[in-house]
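Chemist: return atomic coordinates for the entry below.
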Amino acid sequence: MGINFPRLKSLFSLGREWRYENGQLKLKYKKPVCIGISITAVLVLLLTASIIFNILKKDIVIADADAESNISTFKSTVAEVLSERGIQIGPDDRLDIDPEQKLRDDMKIVIKRAKPIMIITKERDILIHTLAQTVGQAIEEAGVYLGALDKIQPQKDALTKDVDRINVIRVEEQIVNQVEKIPFENEVRKNESLEKGFVKVINKGKEGKKETSVKIVFENGIESMRQIIAEKIIQEPVAGVIEEGTKTTLVSSRGTVTRFVKAMEMTATAYDATFASTGKNPGHPQYGVTRSGLKVKPGIVAVDPKVIPLGTWLYVEGYGEALAADTGGAIKGNRIDLYYESPKDVAKYGKKKVKVYVLDKPKYKF
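Modeler: Here you go, the predicted model:
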């Protein structure tokens, strides 16, 4: 808008006139002159205020972490404007400018906020507030030592803006040397003069030895991997030689040829029907009755049914043909108890090793 200079000049003209008042001559200003002076004073005041306002007001930018704000302020220093906006700087945060620096138009104040990150180690957990940009920098800032084999998750070059937790995995390696046995093999030969079920050792085999180097990896004290890295034969195994019997016939004391399925060596004892052997007196309802229900008599033997099933026909060396029809509390495993009528024969028999043949006959049906 243009300025009307004639009008403005008229406002400043004196516009005087002389008047008599109470017998005296007095100089009076015309009314328009007073109004003009007042308006001029107001304009000057407004102009001055506008100039002062523009001088004192600053337009600045505050970048707080990832957020930016454009603000106008009459404060003088950085510290004052931050206080005005209620912005606090934590002990681990970073202000990129001196708080006492004077504000100026178009100034940008940058605040970097420290991020809380938990670092988990085998020894302890560490909470840090950091401005580090990568995981590796945060680990270094926390003073956490990493061994040559140690690992961290996430990786060192991962950005901390995406991380709230860092796991430090302590890795240890051990090399363990172990000596293991190498089993030997037996060469098996058939022997037609040896009863089936018997084995004869010709040459005893010998186990070999092997040394193995194993690498064991531990992560935070827990085994995570085991790997064989070297093997060395210390002693070669020596094969054994054995003979297996194939003979399936026997000649009894009476000259009778009998076929059998297999033969075995057993520990033999003797028993009778008396209380000393069975714990039963003649008046007992089970006196003289075997486990199978048969009445006891010569040729009845007691066995462990897990080794020789009841009902199996046997030939016992020095005793003759027998039937497995009884059991006994002490007859377990490779043992057999032979029945005799006379307690004297029982006492005379004692205990001895005998060959027992499982005959090739159908089982007795009780």
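
Chemist: hey, let's count contacts and neighbours off CA atoms from now on
Modeler: Noted.

Chemist: quick one: the strands in the stretch 1-150 of the chain?
Modeler: Using DSSP state E, counting those that start in this stretch, the strands of the stretch 1-150 of the chain run over residues 16-21, 24-29, 58-64, 67-73, 94-95, 108-112, 115-120, 125-130.

Chemist: mind checking which of those strands is nearest residue 166?
Modeler: Residue 166 sits nearest to strand 115-120 of all the strands of the stretch 1-150 of the chain, at 4.7 Å, using Cα to Cα.

Chemist: the closest one pairs with which strands?
Modeler: Taking DSSP bridges as the criterion, strand 115-120 forms sheet pairs with strand 125-130 (antiparallel), strand 165-169 (parallel).

Chemist: can I get the first helix or strand past the shortest one going along the chain in PDB? Just the C-alpha atoms.
Modeler: Toward the C-terminal end, the helix or strand that comes next after strand 165-169 (DSSP states H and E) is strand 171-182. Taking only C-alpha atoms (Å, rounded to 0.1, in the frame of the first residue of the first chain), the coordinates of strand 171-182 have been written out as PDB:
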ATOM      1  CA  VAL A 171      33.200 -71.200  22.400                       C
ATOM      2  CA  GLU A 172      35.800 -73.600  23.700                       C
ATOM      3  CA  GLU A 173      37.500 -76.500  21.900                       C
ATOM      4  CA  GLN A 174      39.100 -79.600  23.500                       C
ATOM      5  CA  ILE A 175      41.100 -82.400  21.800                       C
ATOM      6  CA  VAL A 176      40.600 -85.700  23.500                       C
ATOM      7  CA  ASN A 177      42.600 -88.800  22.700                       C
ATOM      8  CA  GLN A 178      40.700 -92.100  23.300                       C
ATOM      9  CA  VAL A 179      41.900 -95.700  23.000                       C
ATOM     10  CA  GLU A 180      39.300 -98.000  21.600                       C
ATOM     11  CA  LYS A 181      39.300-101.800  21.300                       C
ATOM     12  CA  ILE A 182      39.100-103.300  17.800                       C
END
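
Chemist: my guess is residue 95 meets residue 111, correct?
Modeler: Yes - look at residue 95 against residue 111 with Cα atoms under 8 Å: they come within range, at 4.8 Å.

Chemist: hang on, the earlier thing: can you tell me which of the strands of the stretch 1-150 of the chain comes nearest to residue 156?
Modeler: strand 115-120 (12.9 Å).

Chemist: who touches that closest one?
Modeler: Strand 115-120 has contacts (Cα atoms under 8 Å, 6 or more residues apart in numbering) with 125-131, 139, 161, 163-168.

Chemist: which among those count as buried?
Modeler: Buried by 16 or more other Cα atoms under 10 Å: 128-131, 139, 163, 165-168, out of the contacts of strand 115-120.

Chemist: coming back round to it: just put the strands of the stretch 1-150 of the chain in CSV and tack on mean pLDDT and distance to residue 265.
Modeler: As requested, the strands of the stretch 1-150 of the chain are arranged in CSV below (pLDDT from 0 to 100; distance: least, Cα to Cα, whole Å):
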stretch, mean pLDDT, distance to residue 265
strand 16-21, 60, 160
strand 24-29, 60, 157
strand 58-64, 91, 95
strand 67-73, 90, 95
strand 94-95, 92, 93
strand 108-112, 94, 91
strand 115-120, 95, 67
strand 125-130, 95, 69
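
Chemist: which one, of the ones you listed, ends up nearest to residue 329?
Modeler: That would be strand 115-120 among the strands of the stretch 1-150 of the chain, by Cα to Cα, at 64.5 Å.

Chemist: buried ones in the closest one?
Modeler: Quick answer for strand 115-120 (16+ other Cα under 10 Å): 115-117, 119-120.

Chemist: please name the bridge partners of residue 231.
Modeler: residue 212.

Chemist: mind checking the end-to-end distance for stretch 137-145?
Modeler: 12 Å (Cα to Cα, to the nearest Å).

Chemist: nope, stretch 197-213 is what I meant
Modeler: 42 Å.

Chemist: strands of the stretch 151-300 of the chain, residue ranges please.
Modeler: 151-153, 165-169, 171-182, 186-195, 199-203, 208-219, 222-235, 240-247, 249-251, 257-271, 300-303.

Chemist: okay if I get these as CSV plus mean pLDDT and distance to residue 316?
Modeler: Shown next, in CSV, are the strands of the stretch 151-300 of the chain (pLDDT from 0 to 100; distance: least, Cα to Cα, whole Å):
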stretch, mean pLDDT, distance to residue 316
strand 151-153, 95, 73
strand 165-169, 96, 71
strand 171-182, 95, 40
strand 186-195, 94, 14
strand 199-203, 94, 19
strand 208-219, 96, 40
strand 222-235, 95, 45
strand 240-247, 95, 16
strand 249-251, 90, 11
strand 257-271, 95, 9
strand 300-303, 97, 10
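
Chemist: most neighbours per residue, which of those strands?
Modeler: strand 300-303 (a mean of 26; mean count of other Cα atoms under 10 Å).

Chemist: so what secondary structure elements neighbour the helix or strand just after that strand?
Modeler: With elements assigned by DSSP H and E, the helix or strand that comes after strand 300-303 is strand 313-316. Counting contacts by 3 or more Cα pairs under 8 Å, 6 or more residues apart in numbering; DSSP states H and E, strand 313-316 is packed against strand 320-326, strand 352-359.

Chemist: I'd like the buried ones among the contacts of strand 115-120 written out as CSV, with distance to residue 322 added.
Modeler: Converted to CSV, the buried ones among the contacts of strand 115-120 look like this (distance: Cα to Cα, whole Å):
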residue, distance to residue 322
128, 89
129, 92
130, 93
131, 95
139, 85
163, 85
165, 81
166, 80
167, 77
168, 76
